[in-house]
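In: below is the sequence, then the predicted model.
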Amino acid sequence: MGTKRSNHVIPSREKGGWAVKKSGSARTSKSFSTKSEAVRYGRKLSKREKTELFIHRKDGTIQNRNSYGNDPFPPRDK
């Protein structure tokens, strides 16, 4: 079984901006000047690809994560 695909909103080294990067990729998908723009794009991309989105803080730690598609822990039906 291969590694789970995901996208990450990470701090960019360029001018203190933010970037969206696919897991396992050496290059960023797209760069942004604000975190909110990067998160918006990352959500749209993850929904389209049905992947998980990790949103990081400036220090690189994970702030939030959302699954769009193949959720490993889906909510239980009541």
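Out: Ah, there it is. Numbering: from 1, shown residues only.
In: these two touch, right, Arg43 and Ile55?
Out: No: with contact defined as Cβ atoms under 8 Å, Arg43 does not reach Ile55; the gap is 9.2 Å. C-beta: built from backbone N, CA, C; applies to glycine.
In: between those two, what contacts are shared?
Out: Asn66 (Cβ atoms under 8 Å, 6 or more residues apart in numbering).
In: could you pull out the helices in this protein for me?
Out: Under the criterion DSSP state H, the chain carries helices at the ranges 35-49.
In: which parts of it are strands?
Out: Secondary structure of the chain (DSSP state E): strands located at 6-11, 18-22, 30-32, 52-56, 62-67.
In: will you turn those into CSV that also has mean pLDDT?
Out: Listed next are the strands of the chain as CSV, based on pLDDT from 0 to 100:
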stretch, mean pLDDT
strand 6-11, 96
strand 18-22, 96
strand 30-32, 95
strand 52-56, 96
strand 62-67, 94
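In: make TSV out of the ones you listed and add distance to Ala38 and mean neighbour count.
Out: Output for those, formatted as TSV (distance: least, Cβ to Cβ, whole Å; neighbours: other Cβ atoms under 10 Å):
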stretch	distance to Ala38	mean neighbour count
strand 6-11	5	21
strand 18-22	4	22
strand 30-32	4	16
strand 52-56	9	20
strand 62-67	12	13
